[in-house]
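[1] My questions concern the predicted model and sequence given below.
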Amino acid sequence: MTQACKHLHDIHTRGANSKGCEECLKMGDTWVHLRVCMVCGHVGCCDDSKNKHATKHFHATGHPIMRSKEPGETWGWCYVDELFYDPI
């Protein structure tokens, strides 16, 4: 039996606040891939990026659900339950 995520009800937005990682843009830094918080729309860089701003956003806010912002990707992740969804 597949475990169900208890945080899907936290999804409030599918929109992104920025075209790039919000913190990296402010710092003048680069990223590898982008992730969007599905609670508030924050855009952060992935864990393959040196700054890992998407995960830092989760730790700072507790917002559990994110999705890929990469073209053609439809997957998402719950940080709390460590569950992968495709599509989210």
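    The structure has been received and is ready for your questions.

[2] Nearest to the middle of this structure, which residue? Look it up for me.
    The chain has Met66 as the residue nearest its centroid, 3.2 Å off, counting by C-alpha atoms, centre = their mean.

[3] roughly how far apart are that one and Ala60?
    Distance of Met66 to Ala60, given as C-beta to C-beta, to the nearest Å: 13 Å. The C-beta positions use only the backbone N, C-alpha and C, and glycine is treated the same way.

[4] Format the CA atom coordinates belonging to the helix ranked longest in the chain as PDB.
    As assigned by DSSP state H, the longest helix anywhere in the chain is helix 53-61. Taking Å, rounded to 0.1, in the frame of the first residue of the first chain, the C-alpha atoms of helix 53-61 are listed here in PDB:
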ATOM      1  CA  HIS A  53      17.500  27.600  -1.700                       C
ATOM      2  CA  ALA A  54      14.400  25.500  -2.200                       C
ATOM      3  CA  THR A  55      15.300  23.200   0.700                       C
ATOM      4  CA  LYS A  56      16.400  26.200   2.800                       C
ATOM      5  CA  HIS A  57      13.000  27.700   2.100                       C
ATOM      6  CA  PHE A  58      11.300  24.600   3.500                       C
ATOM      7  CA  HIS A  59      13.400  24.600   6.600                       C
ATOM      8  CA  ALA A  60      12.700  28.300   7.200                       C
ATOM      9  CA  THR A  61       9.000  28.300   6.500                       C
END
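
[5] Please pull up the helix or strand immediately following it.
    Downstream of helix 53-61, the next assigned helix or strand under DSSP states H and E is strand 65-68.

[6] Skip the chain neighbours and tell me the closest residue to the residue nearest to the centre of the chain.
    Leaving out its chain neighbours, the residue that sits closest to Met66 by C-beta to C-beta, 6 or more residues apart in numbering is Arg35, at 4.7 Å.
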